[in-house]
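> After the sequence you'll find the predicted model.
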There are 2 protein chains.
Amino acid sequence: MSIEVMPNFLKKRAFLTPSRTALIFEDKRYTFQQLYVECVDVAGRMHTYGMRQDQYVALLLSNHSESVVILLSLQLLGIKAVLLNTRLTREELNYQLKDSNSAFLITEALFKEKAEQLDVHIVYKHELFQTSYIEPPLVNEVALEEVCSLMYTSGTTGSPKGVMQTYGNHWWSAIGSSLNLGLQDGDGWLCAVPLFHISGYSILMRSMIYGMKMVLHESFDVEKTLQDITSEKVTTMSVVSTMLSRLLDHLDSQLPSHFRCMLLGGGPASLSLLERCVELQVPVYQTYGMTETASQFVTLSPEYSLSKLGSAGKALFPSQLKIVDSYGLEQQPLESGEIYVKGPNVTKGYLNKESSHLKDGWFATGDIGYVDDEGFLYVQDRRSDLIISGGENIYPAEIEGVLQGHVAIQEAGVIGVEDQEWGQVPVAFVVVRDPLITEEEIIQYSSTKLAKYKVPKRVSIVDELPRSASNKLLRRSLKEWVKGGASNEN
Amino acid sequence: MSIEVMPNFLKKRAFLTPSRTALIFEDKRYTFQQLYVECVDVAGRMHTYGMRQDQYVALLLSNHSESVVILLSLQLLGIKAVLLNTRLTREELNYQLKDSNSAFLITEALFKEKAEQLDVHIVYKHELFQTSYIEPPLVNEVALEEVCSLMYTSGTTGSPKGVMQTYGNHWWSAIGSSLNLGLQDGDGWLCAVPLFHISGYSILMRSMIYGMKMVLHESFDVEKTLQDITSEKVTTMSVVSTMLSRLLDHLDSQLPSHFRCMLLGGGPASLSLLERCVELQVPVYQTYGMTETASQFVTLSPEYSLSKLGSAGKALFPSQLKIVDSYGLEQQPLESGEIYVKGPNVTKGYLNKESSHLKDGWFATGDIGYVDDEGFLYVQDRRSDLIISGGENIYPAEIEGVLQGHVAIQEAGVIGVEDQEWGQVPVAFVVVRDPLITEEEIIQYSSTKLAKYKVPKRVSIVDELPRSASNKLLRRSLKEWVKGGASNEN
């Protein structure tokens, strides 16, 4: 059995196509050679700080060309990047820093207030870039099994788990995608999703592997997006439904013909949204994927958008999926069950957790779905009653855990409800110990513990929560309460 | 450490893009779904014959759609294919059959006379296709480490060695190529090189991995090639110099604009040939590769054809190369040495030989070359004085061994000399025991032992062969004799 070893991705890419454009951010442009030179330089400055191979180093950074340089410099040093969501609270961040045993946190002035409350050695990027350079030991070869990045995701338990993404996971994800979407000279991928999410980080990896330019935006801006698609000859863009919807609202003519793929992730799209795409000839590829599969795993081509409405498509070439019932038996087409996935882009496990999450290479997603007669996947329920709000994953159990940490709250149940702007938003139902506590106080308390997008938009105080015979919280019943007008509220 | 497992390539491809064209041969056309159905059928007939997973089964077949079906059916059963060169003699074939312990030989009526002299269980394809079908155990998943195909190549020792090519070797070769050449809807690759060579077999593998049609020709025919490039919208073609030269002779206008890559392998191209390509705007990609690297390893893009004349280019993305001196130390740019290659497309070894051919993953090619300041590879001498004649590799040591097997011949030395039509042809120098033996007799004798392309075109009887102090044959001196008019001949 051999360990596959490959050249460092950035170094190899700079060697193969040095003068091709790698990165465009605002008025800055880098070729792959320029990006490589810059990253070697920054790697030397990281070395000065004592950053060393095999350490975990956390990043609290907004989308910026300097963030790209930092991420790739870490790869050159063989340092594992802990990608922190910039919207998290102090408590959430400290948990991830501690769990990953991060040796440093690299951040920027924008997050100074938040950073100073964290229990970690902090390095500001403006200081990093100004420190002296000591020639670093560069990692010229990388084993595909090595961990490249760590991203936290919650689950049924509520406490976030660090998903270990190897170089191989990223590589295979990029290759699976290219075999589906093709690869052409002059391709460019617009990244207006966060680099700290797999949706953004995977674009960075594809850029190096394909030799493709990444057009990076600090955040999603409709006008700037439409402008750059034309002026920078963007061919592909990653979006979630809310972004796509806003793009369509502003589209007064067709997208230019060089644009060939709108990659739509982060939950199912509505019929009306897809119909508008057909009408406006926007080539939309629906996808299904997760942090644990290093981005898209299943993709639906535009020609099936309407005939296979609601489907996420078929598993990419290197990947497999199956539907399994509660006894672990594989289901027939059209029978619902848990979605299992397998392939070289599936994570090798969670940091500091048992490695038993795979059985024969199969990963149980926790999501529920079925495949039709032709093998197209339909996702029916996201795992653990996952709430997807503006492309961010929110796990009810995590919010419930925080609410139950309040002295006046006895128990809590959280669900997602439809929202015009965000797709879904979280709302909470609580049983209280102290009848004097108010909805406002509970929301205020949550804000100190949870990233803003996770804070319940509404809190309903109820007599009791619906539970199964085995005392399991029935979030589905909570959803029915909402539909029925919450008649059970106090 | 995990073993990468993937779905069977053909099955997955038929699932993903069932109605896309897979194969065109003469008046036959197959979609991927049709090809898959046909292969499952033939796999069932192979099963009836007793062909079983993990066996080696040898193939003596000409280029034909039925050969493609047979090759892919073997993959569906997890049987390793031994690809026999149809030009080999009975003795050469028997050696390879015995060394590989082939359980069966599948061949066709065309090779009946040759086949009947072989020591193996023979199955003719027309019989195979007519036998009954028993439902076979199909291999739905394949570990990339498993051997897919075996191709024999000679070396310095003279006795051919079976190169084990894994599914991973073929996969990574296809991926490395796609990252270099791109991948577009509607791509089609013309295969007019033998399927039993890695040049042809690799097109078959790419076809499944990319979802790309293969236009298969029985043999190289200039008119048919130019016709199909236009009518079948061929975008890429694999050629050796002699084929390219003949194509250019017949080209009375530019190739159609959809044609984007003429992949030129099998030895260096002449300046005049490359200049004619530039003039006629033929997009020629020079390559360097071998059976042991599962096809191209280093490729030069057309924009460098003339500025980097004589260079084979840079190693593809997943691959690395270095130049090593006789002490095993890495050379600086512009210094000559042996070419070492490393990467996931490099063979795991030779069948029945020690597995020590790799050091730290590096494979010593035996070829001599250097890289320039920008990292472009220049191949100066092919390994073991390799002779490349019309795209076929000929190893002098193998021919010398045959000649020295003749009772009247004491010793022999073989070199390649330039030839207008074939690039190179082998010629021999012999020291005889029996002064009455003639050149004609020696050539006649060789014809019974060696494939026609290996038979020396001329045999010179000499008093002695040039040897080094350590008694090593100096083939370089033989080349000087030829240049100097063979003044040392009898």
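Received the coordinates, thanks.
> for chain A, which spans come out with low pLDDT?
Chain A contains residues with pLDDT under 70 at A:1-2, A:155-158, A:268, A:355-356, A:382-384, A:468-472, A:485-490.
> Point out the residues in it that sit beside chain B.
Within chain A, the residues that sit near chain B (C-beta under 8 Å from any C-beta of the partner chain) are A:1-7, A:12-13, A:15-16, A:141, A:145, A:175, A:178-179, A:182-185, A:209-211, A:314, A:317-318, A:320, A:342-344, A:348, A:361, A:375. For the C-beta atoms, the positions are set from N, CA and C on the backbone; glycine is no exception.
> Filter those residues down to just the buried residues.
A:4-7, A:12-13, A:15-16, A:175, A:178-179, A:182-183, A:209-211, A:314, A:317-318, A:320, A:342-344, A:348, A:361 (16 or more other C-beta atoms under 10 Å in any protein chain shown).
> Inside helices: which ones of the residues you listed?
Mapping these onto helices (DSSP state H) picks out A:Lys12, A:Arg13, A:Phe15, A:Leu16, A:Ile175, A:Ser178, A:Leu179, A:Ile209, A:Tyr210.
> quick one: the second one and A:Met208 touch, right?
Yes. At 4.7 Å, A:Arg13 and A:Met208 qualify as touching, with contact defined as C-beta atoms under 8 Å.
> Now do the shared contacts for these two.
Here A:Arg13 and A:Met208 have A:Ala22, A:Phe32 as joint contacts, going by C-beta atoms under 8 Å, 6 or more residues apart in numbering or on different chains.
> Can you tell me, leaving aside adjacent residues, what's nearest to A:Glu232?
Closest residue to A:Glu232 apart from its sequence neighbours, by C-beta to C-beta, 6 or more residues apart in numbering or on different chains: A:Val215 at 5.0 Å.
> Likewise for A:Pro283?
Of all residues not flanking A:Pro283 in the chain, A:Pro302 sits nearest, at 4.7 Å (C-beta to C-beta, 6+ apart).
> what's the neighbour count on A:Arg276?
17 (other C-beta atoms under 10 Å in any protein chain shown).
> Could you pull out the buried residues of the host helix or strand of it?
Using DSSP states H and E, A:Arg276 maps to helix A:271-279. Within helix A:271-279, the residues that count as buried by 16+ other C-beta under 10 Å are A:Leu273, A:Leu274, A:Arg276, A:Cys277.
> With stretch A:92-112 instead?
Using 16+ other C-beta under 10 Å as the test for burial, stretch A:92-112 gives A:92-93, A:96-97, A:99-100, A:102-108, A:111.
> Okay, now it: how far is its last residue from its first?
Taking C-alpha to C-alpha, to the nearest Å, the first and last residues of stretch A:92-112 lie 16 Å apart.
> ok so, going back, then the helix holding A:Arg276 to PDB, C-alphas only?
Output of helix A:271-279 as PDB, limited to C-alpha atoms (Å, rounded to 0.1, in the frame of the first residue of the first chain):
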ATOM      1  CA  LEU A 271     -39.400  25.900  -8.000                       C
ATOM      2  CA  SER A 272     -40.000  29.600  -8.700                       C
ATOM      3  CA  LEU A 273     -36.200  30.300  -8.300                       C
ATOM      4  CA  LEU A 274     -35.400  27.500 -10.800                       C
ATOM      5  CA  GLU A 275     -38.000  28.600 -13.200                       C
ATOM      6  CA  ARG A 276     -36.600  32.100 -13.200                       C
ATOM      7  CA  CYS A 277     -33.200  30.700 -13.900                       C
ATOM      8  CA  VAL A 278     -34.600  28.800 -17.000                       C
ATOM      9  CA  GLU A 279     -36.300  31.900 -18.100                       C
END
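> what's in contact with it?
Contacts to helix A:271-279, defined as C-beta under 8 Å, 6+ apart, come from residues A:Ser241, A:Leu244, A:Ser245, A:Leu248, A:Met262, A:Val282, A:Pro283, A:Val284, A:Pro302, A:Ser305, A:Leu306, A:Leu309.
> so where do the helices sit in the stretch 51-200 of chain A?
Here the stretch 51-200 of chain A has its helices, by DSSP state H, counting those that start in this stretch, at A:65-77, A:90-100, A:112-115, A:125-130, A:167-181, A:198-210.
> What residues of stretch A:436-445 count as buried?
Of the residues in stretch A:436-445, those buried (16+ other C-beta under 10 Å) are A:Ile437, A:Ile442, A:Tyr445.
> which outside residues touch it?
For stretch A:436-445, the surrounding residues in contact (C-beta under 8 Å, 6+ apart) are A:Leu403, A:His406, A:Ala408, A:Ile409, A:Ala428, A:Val430, A:Val455, A:Pro456, A:Arg458, A:Val459, A:Ser460, A:Ile461.
> who's in contact with the residue in the stretch 301-450 of chain A positioned nearest to chain B?
Sorted by distance to chain B under C-beta to the nearest C-beta, the residues of the stretch 301-450 of chain A start with A:Pro344, at 4.9 Å. A:Pro344 makes contact with A:Gly168, A:Asn169, A:Trp172, A:Pro318, A:Ser319, B:Glu4, B:Met6 under the criterion C-beta under 8 Å, 6+ apart.
> which of those sit farthest apart?
A:Asn169 and B:Met6 (14.5 Å; C-beta to C-beta).
> quick one on the thing from earlier: give me the number of residues near the nearest residue to the residue of the stretch 301-450 of chain A closest to chain B once chain neighbours are set aside?
Excluding the flanking residues, the one nearest A:Pro344 by C-beta to C-beta, 6+ apart is A:Trp172, at 4.1 Å. By the measure other C-beta under 10 Å, the count of residues near A:Trp172 is 25.
> Looks like A:Trp172 contacts A:Lys342 (just checking).
No. Contact criterion C-beta under 8 Å: A:Trp172 and A:Lys342 do not qualify, at 11.9 Å.
> since we're on A:Gln53, how many residues are nearby?
Residues near A:Gln53, counting by other C-beta under 10 Å, number 13.
> Pull up the gap between it and A:Leu138, please.
10 Å (C-beta to C-beta, to the nearest Å).
> Could you name every residue contacting both of the two?
Listed as contacting both A:Gln53 and A:Leu138 by C-beta under 8 Å, 6+ apart are A:Leu77.
> Please convert the buried residues of stretch A:436-445 to TSV, extending it with secondary structure.
Output for the buried residues of stretch A:436-445, formatted as TSV (DSSP: H, G, I helix; E, B strand; the rest coil):
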residue	secondary structure
A:Ile437	coil
A:Ile442	helix
A:Tyr445	helix
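> with these in mind, which one is nearest to B:Asn393?
Out of the buried residues of stretch A:436-445, the member with the shortest distance to B:Asn393 (by C-beta to C-beta) is A:Tyr445, at 75.8 Å.
> what's stretch A:12-25 in contact with?
Under C-beta under 8 Å, 6+ apart, the answer for stretch A:12-25 is A:6-7, A:29-36, A:64-65, A:68, A:188, A:207-209, A:211, A:213-217, A:232, B:314, B:317, B:375.
> do the same with stretch A:166-175
The contact list for stretch A:166-175 (C-beta under 8 Å, 6+ apart) reads A:4, A:6, A:9, A:142-149, A:201-202, A:205-206, A:209-210, A:293-296, A:318, A:343-348, B:175.
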